[in-house]
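Colleague: sequence plus the predicted model coming up.
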Amino acid sequence: MYGPRGMQVAAALRELPALGWQPTVVCLAPRRGGPHWRSGDDREPVPGVEYRRVASPQDWWIVRSARRIVPALRDRPDPARLWVSPATRAAVDAARNNRYGALITFAQPWSDHLVGLRVQRATGLPWVAHFSDPWAASPYATAAQRARWRPMEAEVIRCATSVVFVTAEAADSTMAAYPDEWRRKAAIVPHGYDPRSTPPSGGTGSRARLRLVYTGRFYSGIRTPLSLLHALATVTSEDRFREAFDVVFVGPYVEEYRDAARSLGVETSVTFGARVPPSEAAAQAAAADVLLVIDAPGDGPSVFLPSKLVDYLAFRKPILGITPARGASAALLRRLGGPVVAPDDVDAIAAALRDLATRWRAGTLGVAPEFDRVAAEYDIRCTARRLSDVLVRACAETSRP
C-alpha cells in the first residue's frame, strides 16, 4: 500500500532475512489505478521475502461509495475490514504448507490484527501484534470509535504473545487500561531509517532564502500549518526578515492551506506541492536547510513519533519541531539538540524562525554534536534487530512448558 506505514513495514522486512528470518507476507493486491495504487507503479518486491497478494472488496467503488454514505462503516474497525476473511484464508493456507516460527501483524490498518486473531487461533503460532500508534487510546478517536474499538483491541492484546509500539508513551497510553500481566507483553521498537538509500544532501549554494521543508500530510482541524503561517506572517513583516524564508510543504492535503497563506500575505514565502513519490519527497528534504515536524497541539504528553521525523535523520539537517513540549517527538528532538516549540504558540514559533534565519545568515546553522550518535539508534538495521529480538522472545515464551 502507498504511504509511510507501508514504507516502514517494507524497510523492516528487508532487514529480517539477514537476521535469519524467511518472511512470507500476506498483503493487499491493490486494484490498478485504485486508491492504494502507488503512483501508478508496481512496488518492487523486497528481496528474500515471499509474497501472497490478496485482493480486497475494499477497493470496489460500490463499497467505497457505501462508506461515504454511511461513514460509521469505516470504523469497524477501518475500511480494510472486508480484507480480513480473504487475508485469513491466505495466511492459514500458507501456514498449512510451510513451517513458520512466528506470526506478526502490522497496523495500521487495525484490521490486520483481526486477521492475526484468526490466524493465531488456527495455527497456534506465537504472535507479535505491532500497533505502532495507539488504537482505542488514540487522542483523535471519538467516544463512539473507542466504544467500537476497545473490545477488539482487548481481544488482540489478550491473545497476542507480544505487543509492539514505537514509543513508550504510546505503550503506556494503551496498556494502562489492561491488567499488569498484559502490560508485560509490551515492547518498544521505534521507526527506522535506511542511510543506504538516502539521496545526498543538497548544498545551499548562494541561495538567498532559508529553505524549510515539510514532507507529509495534514489533517484538517487537527494537524495543520496555520500557526506556522501566522508566525511566518509576523516575522516577514519585519524588514530584516521580509525576504528571508522559503517554506515548502509537500504531501497530501497541503494545498488546502494555500488560501490561508494568501490571506496572511505570505504566499511569496510558501510553496505548496501535492503528494509525490517517496523518492521525490526525499529529494525535497535533502535540498532543505531546515526540516519541519508539525504535530497537533495537546494537553498531555504526545504519544506519536511520526515516521517522517525518523526519515529526516538520514539527511543530517537541523530540524524544527512544532510539537507538544512533552512527548515522544519532543524528547527525540531535544536529544538531537534541536528546537522544540508548541504547535499553538505563534510567538515561540516566530522566535524560532528568527533564530534559524539569523544563524543561517551567520553561517553557524548546523546539527548539534550529539546528532549523529542519537540518529544511529534509529538506523533500520538497529531497529530491525530489536524487532527480531521481540520475535525471538515471543517464540521462546510460547515454547515454555
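Modeller: Ah, there it is.

Colleague: helix, strand, or coil at residue 177?
Modeller: Put simply, residue 177 is coil when judged by DSSP: H, G, I helix; E, B strand; the rest coil.

Colleague: tell me where this protein has strands.
Modeller: 24-28, 50-54, 103-106, 127-132, 162-165, 186-188, 210-215, 245-250, 270-273, 290-294, 319-322, 340-341 (DSSP state E).

Colleague: and residue 62, what pLDDT?
Modeller: We have a pLDDT of 63 for residue 62.

Colleague: how close does residue 85 get to residue 272?
Modeller: Distance, residue 85 to residue 272, using Cβ to Cβ, to the nearest Å: 41 Å. No exception for glycine: its C-beta is placed from N, CA and C like everyone else's.

Colleague: then residue 222?
Modeller: In terms of Cβ to Cβ, residue 222 sits 18 Å off from residue 272.

Colleague: of the two, who's got more company?
Modeller: More neighbours surround residue 272 than the other of residue 222 and residue 272, with 18 against 11 (other Cβ atoms under 10 Å).

Colleague: ok, the more buried one touching residue 260?
Modeller: No. Using Cβ atoms under 8 Å as the test, residue 272 is too far from residue 260 to be in contact (10.2 Å).

Colleague: what number of residues are in the vicinity of the residue nearest to residue 51 when sequence neighbours are not counted?
Modeller: Distances taken as Cβ to Cβ, 6 or more residues apart in numbering place residue 25 nearest to residue 51, at 5.5 Å, with adjacent residues excluded. By the criterion of other Cβ under 10 Å, residue 25 has 18 neighbours.

Colleague: please give me every residue in contact with residue 25.
Modeller: 13, 46, 49, 50, 51, 52 (Cβ atoms under 8 Å, 6 or more residues apart in numbering).

Colleague: again with residue 23
Modeller: 13, 16, 17, 48, 49, 50.

Colleague: and residue 176, by the same measure?
Modeller: So residue 176 contacts residue 137 (Cβ under 8 Å, 6+ apart).

Colleague: ramachandran coordinates for it?
Modeller: phi -60, psi -20 (degrees, to the nearest 10).

Colleague: per-residue confidence at residue 75?
Modeller: In this prediction, residue 75 has a pLDDT value of 62.

Colleague: sorry, that was for residue 299
Modeller: Residue 299 is given a pLDDT of 78.

Colleague: how far away is it from residue 343?
Modeller: Where residue 343 is concerned, residue 299 sits at a distance of 12 Å (Cβ to Cβ).
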